[in-house]
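S.K.: predicted model follows, preceded by the sequence.
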Amino acid sequence: MDFLIREVLPTEYAELGEITAHAYLQDGLLTFGEADWYLGELKNVAKRAAAADVLVAVEQDRLLGGVTFVPSPGPMADLARSGEAEIRMLAVAHAARGRGVGEALVRACVDRARAAGDRTGIVLSTQPLMRTAHRIYERLGFTRVPERDWNPIPEHPEFTLLTYELTL
């Protein structure tokens, strides 16, 4: 691995926010008019870092991608239950894809959840279109939990996020 995984620095918030927003936009993941609201959430790394751990993959001084690790239920958790950690907003810059960056970021989250010692599992939500991410999750031992699928946009009942979990 020719890159490092570490916590994001405040001076990198804006850049990581742009990488995350561009990844979601370029992959066609903001499809129901939520772009304005959710784009702001994706860009607001300072907000995420205040409530969770934001990790980045860095090659020399260049950010390759990032992920939000939510160690327990709280303001940044969408579906974590007691004893669970959650992964959110995984994004890899298009130029860095295919190098194992996404997998390394997910592994770092799993390692943090295990190191906590009291986490029973780790969960995440993903869109059906995120097939590359699904393969990463499955390769790392995550399994689909259809009974925990959910809809964050009630006015669009056809929009469902898929849930994956890993038992620790």
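M.R.: Sure thing, it's come through. Residues are numbered from 1 along each chain as shown.
S.K.: the strands in the protein, which residues?
M.R.: With DSSP state E as the criterion, the chain has strands at 4-7, 53-59, 62-70, 84-92, 121-126, 143-144, 162-167.
S.K.: reformat these as CSV; add distance to Y13.
M.R.: Backbone N, C-alpha and C define where each C-beta goes, glycine included. Shown next, in CSV, are those (distance: least, C-beta to C-beta, whole Å):
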stretch, distance to Y13
strand 4-7, 12
strand 53-59, 8
strand 62-70, 10
strand 84-92, 13
strand 121-126, 22
strand 143-144, 32
strand 162-167, 27
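S.K.: quick one, which of the ones you listed is nearest to A108?
M.R.: For A108, the closest of the strands of the chain is strand 4-7, at 4.5 Å, according to C-beta to C-beta.
S.K.: quick one: mean pLDDT over that closest one.
M.R.: For strand 4-7, mean pLDDT rounds to 98.
S.K.: for that strand, packing partners?
M.R.: Applying 3 or more C-beta pairs under 8 Å, 6 or more residues apart in numbering; DSSP states H and E, one finds that strand 4-7 contacts strand 53-59, helix 101-116.
S.K.: and the strands of the chain as TSV, adding distance to A77 and mean neighbour count?
M.R.: TSV is the format used below for the strands of the chain (distance: least, C-beta to C-beta, whole Å; neighbours: other C-beta atoms under 10 Å):
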stretch	distance to A77	mean neighbour count
strand 4-7	19	14
strand 53-59	12	21
strand 62-70	5	24
strand 84-92	5	25
strand 121-126	9	22
strand 143-144	19	13
strand 162-167	13	19
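S.K.: what bridges to the residue nearest to R144 when sequence neighbours are not counted?
M.R.: The spatially closest residue to R144, leaving aside those adjacent along the chain, is Y164, at 5.9 Å (C-beta to C-beta, 6 or more residues apart in numbering). For Y164, the beta-bridge partners are L124, R144 (DSSP bridges).
S.K.: which residues touch the nearest residue to G141 once chain neighbours are set aside?
M.R.: Distances taken as C-beta to C-beta, 6+ apart place L166 nearest to G141, at 5.4 Å, with adjacent residues excluded. Contacts for L166 (C-beta atoms under 8 Å, 6 or more residues apart in numbering) come out as 110, 121-123, 137, 140-143.
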